[in-house]
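S.K.: Okay, sequence plus prediction incoming.
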Amino acid sequence: MMVNTTSAGSREAKTSVNEKEWKSSLKPPPKDMRVKTSDVTDTKGHEFEDFCLSREMLMGIFEQGWERPSPIQESSLPMALTGRDVLARAKNGTGKTGAYSIPILERVDPKFETIQALVLVPTRELALQTSQICTELSKHKKLRVMVSTGGTDLREDIMRIMEKVHVIIATPGRILDLMEKRVADMKNCKMLVLDEADKLLSQDFLNTLDRLISFLPKDPQILLFSATFPLTINQSIIFCNSTQRVELLAKKITELGYSCYYIHARMQQAHRNRVFHDFRNGLCRNLVCSDLFTRGIDIQAVNVVINFDFPKMAETYLHRIGRSGRYGHLGIAINLITYEDRFALHRIEQELGTDIKPIPKSIDPKLYVAEMQQEDLDDPISGK
């Protein structure tokens with residue numbers, strides 16, 4: 001028993017010595033003594049060691065001078081390290097780059113010499129900065145990180161990618177070019193990061209991004225990070241008074257670059273069922289329809305109803321606006337009124353005993369942005 005106790009104690013002492021040895025061998029930058037804001041100090045008290053990171057990864061982190069995880073890193077690291085998709089928003093300068101680079105670098109296997117992670121950024125400058133951070137973080141894991149952006153020699157990129165890289169940081173146009181030339185083999189790329197995701201998901205990059213994703217394997221882990229995400233309507237239903245106007249409006253909305261379906265009574269039942277099924281499952285954000293869709297339809301994601309054509313009857317008006325704000329959620333109804341609609345508007349107000357107010361200069365985002373909605377039963381819904 002005494003021998004076992006001594007042996008166990010020796011192992012613990014040896015482990016403690018090893019811990020001190022590898023930490024003492026690090027060369028972190030000088031400690032930053034500047035005052036920090038709550039954006040990076042308001043944490044739950046976790047340490048980087050709490051996330052079961054490899055020693056090589058921890059060495060890279062500490063040599064960056066990162067002593068403790070920031071709030072965005074505390075929140076995203078546990079999910080990202082287990083392979084889950086992440087959508088994260090945090091201010092600039094609060095550790096977003098570390099929040100996605102640490103998990104992807106940790107999950108890359110250095111023995112597997114193929115592209116395992118792709119980081120997309122909108123500009124060359126951001127790509128260079130991100131690649132430098134990833135290179136320094138992963139140097140003890142001996143990962144090969146490559147940066148590829150437009151405005152540089154394509155032949156050099158082709159030669160470098162042939163040397164077998166693990167992680168690529170790139171702008172969308174350049175990496176798509178390499179993919180289409182069959183130079184960048186993405187069949188084992190299991191992680192996709194979009195930094196400044198709001199910009200990359202805008203109309204400027206959308207077509208390129210769609211083509212790019214087609215080269216990736218099915219269901220990669222996707223990490224979206226940005227300082228801002230635009231406020232978006234969850235789902236909306238837009239009513240017209242005729243089937244012809246339904247189809248015309250849906251066509252115009254689609255031409256403007258927004259996802260849109262339409263449905264009306266003259267469509268075949270099988271087609272209507274498919275449209276309703278896809279809209280209910282969130283495959284499309286906007287639905288243009290006739291009064292076919294006013295009764296008994298319960299889609300809780302719908303929080304905006306627009307009367308593109310104002311109804312003639314009070315009963316129709318009630319059923320239309322009842323499609324938003326289902327089951328106690330907030331919702332808003334917007335009416336587009338022409339000069340000819342003024343009599344119908346007045347009659348419906350009289351019959352319903354209500355005052356349909358003009359659209360204010362600013363509308364509370366809580367009425368139409370799902371993530372900003374908060375349950376407050378004492379606060380009446382002003383938009384409906």
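M.R.: It's in. Numbers count the residues shown, from 1 in each chain.
S.K.: How is the chain divided into domains?
M.R.: Domain ranges of the chain: 41-226, 235-372, per automatic domain parsing.
S.K.: Is it possible to get CSV of those domains that adds mean pLDDT?
M.R.: Below are these laid out as CSV (pLDDT from 0 to 100):
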stretch, mean pLDDT
domain 41-226, 92
domain 235-372, 84
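S.K.: Now mean neighbour count too, for those domains, in JSON lines please.
M.R.: C-beta here means a position set from N, CA and C on the backbone, and glycine is covered the same way. As requested, those are arranged in JSON lines below (neighbours: other C-beta atoms under 10 Å):
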{"stretch": "domain 41-226", "mean neighbour count": "18"}
{"stretch": "domain 235-372", "mean neighbour count": "16"}
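S.K.: what residues are up against Asp291?
M.R.: 239, 241, 311, 316, 319-320 (C-beta atoms under 8 Å, 6 or more residues apart in numbering).
S.K.: Kindly apply the preceding question to Glu63 instead.
M.R.: 26-28, 136.
S.K.: And the furthest pair within those residues?
M.R.: Pairwise distances across these peak at 12.3 Å for Leu26 and Glu136 (criterion: C-beta to C-beta).
S.K.: so where do the helices sit in the protein?
M.R.: Assigned by DSSP state H, the helices in the chain fall at 2-24, 38-41, 55-63, 71-81, 96-107, 124-137, 154-161, 172-180, 197-200, 203-213, 243-255, 269-280, 314-321, 342-352.
S.K.: between these, which one is nearest to Leu330?
M.R.: When those are compared by C-beta to C-beta, helix 314-321 sits nearest Leu330, at 12.9 Å.
S.K.: Correct me if wrong: Gly173 contacts Leu209.
M.R.: No. The criterion here is C-beta atoms under 8 Å, and Gly173 misses it with Leu209 at 10.4 Å.
S.K.: Tell me how far Asp195 lies from Ser131.
M.R.: 11 Å (C-beta to C-beta, to the nearest Å).
S.K.: How far does stretch 171-185 sit from its chain's centre?
M.R.: 23 Å (C-alpha atoms, centre = their mean, to the nearest Å).
S.K.: Equivalent analysis for stretch 95-103, please.
M.R.: On C-alpha atoms, centre = their mean, the centre of stretch 95-103 falls 15 Å from the chain's centre.
S.K.: Need the residues that contact that stretch.
M.R.: So stretch 95-103 is contacted by 40, 53, 57, 61, 64, 66, 69-73, 76-77, 80-81, 86, 88, 90, 119, 129-130, 133-134, 137, 193, 195, 223, 225-227 (C-beta under 8 Å, 6+ apart).
S.K.: Look up how far Met267 lies from Arg55.
M.R.: Separation of Arg55 from Met267 (C-beta to C-beta): 62 Å.
S.K.: cool, Leu81 as well?
M.R.: In this view, Leu81 and Met267 are 47 Å apart by C-beta to C-beta.
S.K.: Dump the domains of the chain into JSON lines; add distance to Glu21 as well.
M.R.: Listed next are the domains of the chain as JSON lines, based on distance: least, C-beta to C-beta, whole Å:
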{"stretch": "domain 41-226", "distance to Glu21": "11"}
{"stretch": "domain 235-372", "distance to Glu21": "47"}
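S.K.: which stretch among those domains comes nearest Trp22?
M.R.: In terms of C-beta to C-beta, the element of the domains of the chain nearest to Trp22 is domain 41-226, at 6.5 Å.
S.K.: Can you check the distance spanned by that closest one, start to finish?
M.R.: 19 Å (C-alpha to C-alpha, to the nearest Å).
S.K.: same thing with stretch 259-274?
M.R.: 16 Å.
S.K.: any residues touching it, and which ones?
M.R.: So stretch 259-274 is contacted by 243, 246-247, 249-250, 253-254, 275-276, 278-279, 284-290, 292-293 (C-beta under 8 Å, 6+ apart).
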